[in-house]
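Undergrad: output the structure for:
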Amino acid sequence: MSILQNNQVFLRNILSDMKKLYSLIILFFLIAGNMLFAQLLLPQFNPVEKQMTFSSDEEDSSPIPFNEGRAIYYNRTYTEIDGENTIVTGQEVWFAEQGKKGWKKPYRLLREDDLPGENLVVGTNKTGTRIYVFNAFADKDTLYRRLYYLDKAEEKYKWSAPTEVIIPGLVFGNDFIHFYVNPEETAILVSKPPQGKRNNEDIFVSVKDEKGNWSKVIDLGKTINTNRFELGSFITNDLKTIYFSSEGHGGYGASDVFVSMRLDDSWQNWTNPLNLGEPINSIDYDAFFIMANGNEVYFTSDRGDLHSNFYKGTITGEVILANTDSLKGVFIHKGKAVKGITFSVTDSKGNKVADVTTDEKGVFKFEKLKGEENYLVKMKEEDSDFVGSKIYFLNESDLKTDRYVLTEEGIFVNAKDLASNETVKGTFNYNSLPALGRGLVVLDENGFPLDTIYTDDKGNFTYSVLHMEGGFSIIPLNMTEDEFVNVEMYLTDVRGNRRQTLKPAEFYSLKEEDDTLVENSTLANDRPAGIDVEDNSDNNVETSAINNAAGDGSIIYFAFGEKEASQEELNKLTLIVSMLKLNKSKTIMLIGHTDDTGEGNINMELGAARGGSIRVALMERGVPADKINILSRGELKPAETNDTSAGRAKNRRVQMILQ
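TA: Numbers count the residues shown, from 1 in each chain. All right, here's what the predicted structure looks like:
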């Protein structure tokens, strides 16, 4: 490839990789007594207008306003169409300023004698007297790519000789790379492929020290960066709030403008990015959002055009509560939902988040703080009668995801962190013989799956329970109600003597007293006697109906753009693994799906990658590789509509089907 072609690829990547941006956020800190809490508010915008002064029939991008928005630098890229290909023929830096009657006619800023080659303006100081330029220059067989700054000379339209900006360890190579230098000249945001990857760009930062030297680039971390591209970034004067374009956080189209706030002095802890929404974003390419002053913003969009042009917006002064993540729970006491119970919620640092009261269904809800995952929930008015009561946190489908138990200290603690100090013993026989390796699902008194246990070579099983447990049921895996005719399951005392024969779907409240197990059972006819296998698939194979015990247990959901599932989702594999172990003749089909964001061929690959990640997780749990098959449907088989974020979340999944 020639140097000119290399340069064209470099410029073309800048055009093709930068499509669409999202959200704006302001974080207000309010003082209530001595408690500090945060509320996320989203500014509202007036209708945006295309800026005809700057717009042309070429690609106009990267607006960089200065002098309180009274002047602006920007880039213009020239292209030609060659069949199905777009060829970049050149790129220039342009300048415009306001006069008494509005914007004056723009003109080209740099000439060949100022800085030969193709130039991108990537930053300026507050007054516009210093500009930062990313330059690509071909000299015979070598392509040079460097970041410079130039100072305005006394002579009109003239600039000083370029001074190279050195960022330690940053190698430009031939990969896509882009910059933004803030007006204070204290930070440089760098968009480039992460090490070892060339198919996406992440955002990094280099910070200037007291001696004027730039640091090595720092990765902004997984909250900002995804496995799709992030670029077109802008950061506020205090270096706390970043606006950037991303293809990896969902939104209206291939990419949108997002905003996030830095939570501490590091560069890795950020609030979850929020979408600026309409009118800033559209179904087309929206990018390079930047603030001109306290009221005006500019951005780039190709809405309704073949090329990108500039749009201007103004803030209305109104704000709405941002669509933040929330936590929803239900309070259960002795098997019943309780109305009117008030809880105090604080974050991990003791800051007050909210006071919430249960409704008639025992349900409460509070908004999560961005970046905060750990909360302390206490009863507002302590009552020892409620010790052992439980809070179940719910997902979007109101399925139970976590279980917290009220301790004697008046604090709700994750049941996983509480010591189990009572042991249940029993025996499981089938056809009058001990059932070896039989899987048993243990559910608490409210139907929450606690664990899967297995019988030994004599059909015996043991399970340790909390002393505050109100009751539980034991349900054999993969067994229909008819098969229970041949089942014998009974509890034993600590010496192994039979104490009571169990009936299907009974609940048991168990305690150890004087080395003898005392049972107090009540029938619960609404409990499933077993876990059936039914035909649910579109290719007429058997599907595990493990949802009876674990909600969406046969479906693993994924975050946008992610190939790996969260640990919470992977916990669902327990039941599938147990079924495969109990049905050694069965195999499992993993069908990967995506939402319809992005290109179809990429989504087909993403669906396969998601299936592959679950295959690895199953193998790590002891499932043989030859028992696992993978199929990708990409975006072709949505479970829900792709017109809403909730629907798209349901479509990003892997279905697990037994065959």
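Undergrad: so where's the stretch 351-500 of the chain uncertain?
TA: Scanning the stretch 351-500 of the chain for pLDDT under 70 picks out the ranges 369-373, 396-399, 419-421, 447, 467-471, 477-484, 494.
Undergrad: how about the strands in it?
TA: Assigned by DSSP state E, counting those that start in this stretch, the stretch 351-500 of the chain shows strands spanning 352-357, 363-367, 375-379, 390-394, 400-406, 412-414, 422-430, 433-434, 439-444, 449-454, 460-465, 472-476, 487-492, 498-501.
Undergrad: as JSON lines, the ones you listed with distance to G83 and mean neighbour count would be great.
TA: In short, each C-beta sits where N, CA and C put it, glycine included. JSON lines is the format used below for the strands of the stretch 351-500 of the chain (distance: least, Cβ to Cβ, whole Å; neighbours: other Cβ atoms under 10 Å):
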{"stretch": "strand 352-357", "distance to G83": "58", "mean neighbour count": "16"}
{"stretch": "strand 363-367", "distance to G83": "52", "mean neighbour count": "18"}
{"stretch": "strand 375-379", "distance to G83": "58", "mean neighbour count": "17"}
{"stretch": "strand 390-394", "distance to G83": "54", "mean neighbour count": "20"}
{"stretch": "strand 400-406", "distance to G83": "53", "mean neighbour count": "19"}
{"stretch": "strand 412-414", "distance to G83": "61", "mean neighbour count": "16"}
{"stretch": "strand 422-430", "distance to G83": "70", "mean neighbour count": "19"}
{"stretch": "strand 433-434", "distance to G83": "74", "mean neighbour count": "13"}
{"stretch": "strand 439-444", "distance to G83": "61", "mean neighbour count": "22"}
{"stretch": "strand 449-454", "distance to G83": "58", "mean neighbour count": "18"}
{"stretch": "strand 460-465", "distance to G83": "69", "mean neighbour count": "17"}
{"stretch": "strand 472-476", "distance to G83": "64", "mean neighbour count": "22"}
{"stretch": "strand 487-492", "distance to G83": "71", "mean neighbour count": "18"}
{"stretch": "strand 498-501", "distance to G83": "79", "mean neighbour count": "13"}
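Undergrad: closest to K158 out of the ones you listed?
TA: strand 363-367 (55.0 Å; Cβ to Cβ).
Undergrad: now do the contacts for K390.
TA: By Cβ atoms under 8 Å, 6 or more residues apart in numbering, the residues touching K390 are 331-333, 403-406, 415, 444, 446.
Undergrad: can you say which two of the residues you listed are spatially most distant?
TA: H333 and A415 (15.4 Å).
Undergrad: in the stretch 501-650 of the chain, which spans are helices?
TA: 547-550, 567-570, 573-582, 600-620, 645-651 (DSSP state H, counting those that start in this stretch).
Undergrad: weakest of these by average pLDDT?
TA: Here the lowest mean pLDDT among those goes to helix 547-550, at a mean of 35.
Undergrad: could you dump the strands of the stretch 351-500 of the chain to CSV with distance to F299?
TA: Putting the strands of the stretch 351-500 of the chain into CSV (distance: least, Cβ to Cβ, whole Å) gives the following:
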stretch, distance to F299
strand 352-357, 34
strand 363-367, 28
strand 375-379, 36
strand 390-394, 38
strand 400-406, 38
strand 412-414, 44
strand 422-430, 62
strand 433-434, 70
strand 439-444, 52
strand 449-454, 48
strand 460-465, 58
strand 472-476, 56
strand 487-492, 66
strand 498-501, 71
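Undergrad: so which of the ones you listed comes closest to N601?
TA: Using Cβ to Cβ, the strands of the stretch 351-500 of the chain put strand 400-406 closest to N601, at 34.2 Å.
Undergrad: any idea how far that closest one is from the chain center?
TA: The chain centroid and the centroid of strand 400-406 are separated by 23 Å, computed with Cα atoms, centre = their mean, to the nearest Å.
Undergrad: and the contacts of it?
TA: In contact with strand 400-406 (Cβ under 8 Å, 6+ apart) are residues 377, 379, 386-395, 412-415, 418, 444, 446-448, 450, 466, 468, 551, 568.
Undergrad: returning to what we had before: tell me which of the helices of the stretch 501-650 of the chain is the most buried.
TA: Here the criterion is mean neighbour count by mean count of other Cβ atoms under 10 Å, and of these the winner is helix 573-582, at a mean of 21.
Undergrad: excluding covalently adjacent residues, which one is nearest to F54?
TA: F310 (4.6 Å; Cβ to Cβ, 6 or more residues apart in numbering).
Undergrad: assign the one you found to helix, strand or coil.
TA: Taking DSSP: H, G, I helix; E, B strand; the rest coil as the rule, one finds F310 in the strand state.
Undergrad: these two touch, right, it and Y74?
TA: Yes: if you go by Cβ atoms under 8 Å, F310 and Y74 touch, sitting 7.1 Å apart.
Undergrad: mutual contacts of the two, please.
TA: 54, 60, 63.
Undergrad: next, the first one: phi, psi?
TA: Dihedral angles of F54 (phi, psi; degrees, to the nearest 10) stand at phi -100, psi -20.
Undergrad: tally of neighbours for it?
TA: Neighbour count for F54, taken as other Cβ atoms under 10 Å: 20.
Undergrad: could you report the distance from it to S308?
TA: Between F54 and S308 the computed distance is 11 Å (Cβ to Cβ, to the nearest Å).
Undergrad: between those two, what contacts are shared?
TA: Shared contacts of F54 and S308 (Cβ under 8 Å, 6+ apart): D60.
Undergrad: buried set for stretch 74-89?
TA: Applying a neighbour-count criterion of 16 or more other Cβ atoms under 10 Å, one finds 74-77, 79, 88 buried in stretch 74-89.
Undergrad: what distance separates that stretch from the centre of its chain?
TA: Distance, centroid of stretch 74-89 to centroid of chain: 35 Å (Cα atoms, centre = their mean).
Undergrad: what does stretch 49-65 give?
TA: 33 Å.
Undergrad: tally of neighbours for E97?
TA: For E97, using other Cβ under 10 Å, the count is 14.
Undergrad: wait, doesn't it sit right on R70?
TA: Yes: the criterion here is Cβ under 8 Å, and E97 meets it with R70 at 6.4 Å.
Undergrad: picking that back up, which one of the shared contacts of F310 and Y74 is nearest to Y144?
TA: Once Cβ to Cβ is applied, the member of the shared contacts of F310 and Y74 that ends up nearest Y144 is D60, at 25.7 Å.
Undergrad: many thanks, I have nothing further to ask.
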